[in-house]
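Undergrad: Starting from these lines, generate the structure:
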Amino acid sequence: MKFTAIVLSALVAVASAIRQPDYSQPPKGNAISKPSLDEQVVAGEEYTITWDADSPGPISIQLLRGPSENVKPIAVITASTENTGSFKWTPSITLENDVTHYGLLIVDQSTGQYQWSTQFGIKNDQHEQPAPSVTRTLIEPPPVVTLTTTICDETTAPYPTGTAPGTVSSPAPTAPTSYRATPTPSPSSPPFEGAAGRNAFSFGGAILAVAAVLAF
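TA: Model prediction:
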């Protein structure tokens, strides 16, 4: 990432040092013949760019990338060279393999006059895709738990010894003699057994009454 930032910074510095195309005017002159439309330029091998040299010069050449309606400069092939109509170029092996979407931009450094090439491809069998970043996560092992088992001899709980206290029977309390209640005899009525008893009582009473009268 740091290396990429340095390269981009250097590219911006070089691009700012060269004259930019005068886009207020349409492209004119210096028509590019090679690479031609859809031509496959091999990365890592020397290639000769050719064009019709019809401007005072010197010129700059930039490599473009993207669809035809939105190409962007990705590298400066040369910041300044005499306008001789040809330039030897060795495409970098870091360029992405593609059958199209590459182009060239020639700019006259004295006038700002510019010209586009048609789109071509880069054949790059040596291009290496960037290795995917690998995120490593450290997994801590679980803690080791040591269990200690202690086996004890079987023991019998002591039973209590001695004689358990028994139940003592206490005699019922006896009241003192002085406090004992003396039963009082209830008066009994003379027995009167039916009507015969009542008649005997009446007859006896009459005899007593007669005796009393005779006594007087």
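
Undergrad: Just give me the neighbour total for K88.
TA: K88 has 9 neighbours, counted by other C-beta atoms under 10 Å. The C-beta positions use only the backbone N, C-alpha and C, and glycine is treated the same way.

Undergrad: Test of understanding: give the bridge partners of it.
TA: Beta-bridge partners recorded for K88 (DSSP bridges): T48.

Undergrad: isn't it right up against T50?
TA: No: using C-beta atoms under 8 Å, K88 makes no contact with T50, being 10.4 Å away.

Undergrad: quick one, helices of the chain?
TA: 2-17, 194-215 (DSSP state H).

Undergrad: mind listing what S36 touches?
TA: 118, 120 (C-beta atoms under 8 Å, 6 or more residues apart in numbering).

Undergrad: And it, its phi and psi?
TA: S36 adopts backbone torsions of phi -90, psi 180, taken as degrees, to the nearest 10.

Undergrad: Tell me the spatial nearest neighbour of L95, not counting adjacent residues.
TA: In space, and not counting its chain neighbours, L95 is closest to I122: 4.9 Å by C-beta to C-beta, 6 or more residues apart in numbering.

Undergrad: how far away is the one you found from P91?
TA: Distance of I122 to P91, computed by C-beta to C-beta, to the nearest Å: 6 Å.

Undergrad: Quick check: neighbours shared by those two?
TA: The contact sets of I122 and P91 overlap at 41-43 (C-beta under 8 Å, 6+ apart).

Undergrad: mind putting these in CSV, pLDDT included?
TA: Shown next, in CSV, are the shared contacts of I122 and P91 (pLDDT from 0 to 100):
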residue, pLDDT
V41, 98
V42, 98
A43, 98
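
Undergrad: out of those, which one sits closest to Y114?
TA: Using C-beta to C-beta, V41 comes nearest to Y114 of the shared contacts of I122 and P91, at 21.0 Å.

Undergrad: Who does the closest one form a beta bridge with?
TA: Going by DSSP bridges, V41 is paired in beta bridges with I122.

Undergrad: dump the residue contacts of it.
TA: By C-beta under 8 Å, 6+ apart, V41 lies in contact with 35, 47, 91, 102, 120-123.

Undergrad: can you count the residues close to D54?
TA: 15.

Undergrad: Then F87?
TA: For F87, the neighbour count with other C-beta under 10 Å is 19.

Undergrad: neighbours of the nearest residue to it once chain neighbours are set aside, just the number please.
TA: Nearest residue to F87, sequence neighbours excluded (C-beta to C-beta, 6+ apart): I49, at 4.8 Å. By the measure other C-beta under 10 Å, the count of residues near I49 is 20.

Undergrad: ok, now the one 10 residues further on?
TA: If you count neighbours by other C-beta under 10 Å, I59 ends up with 29.
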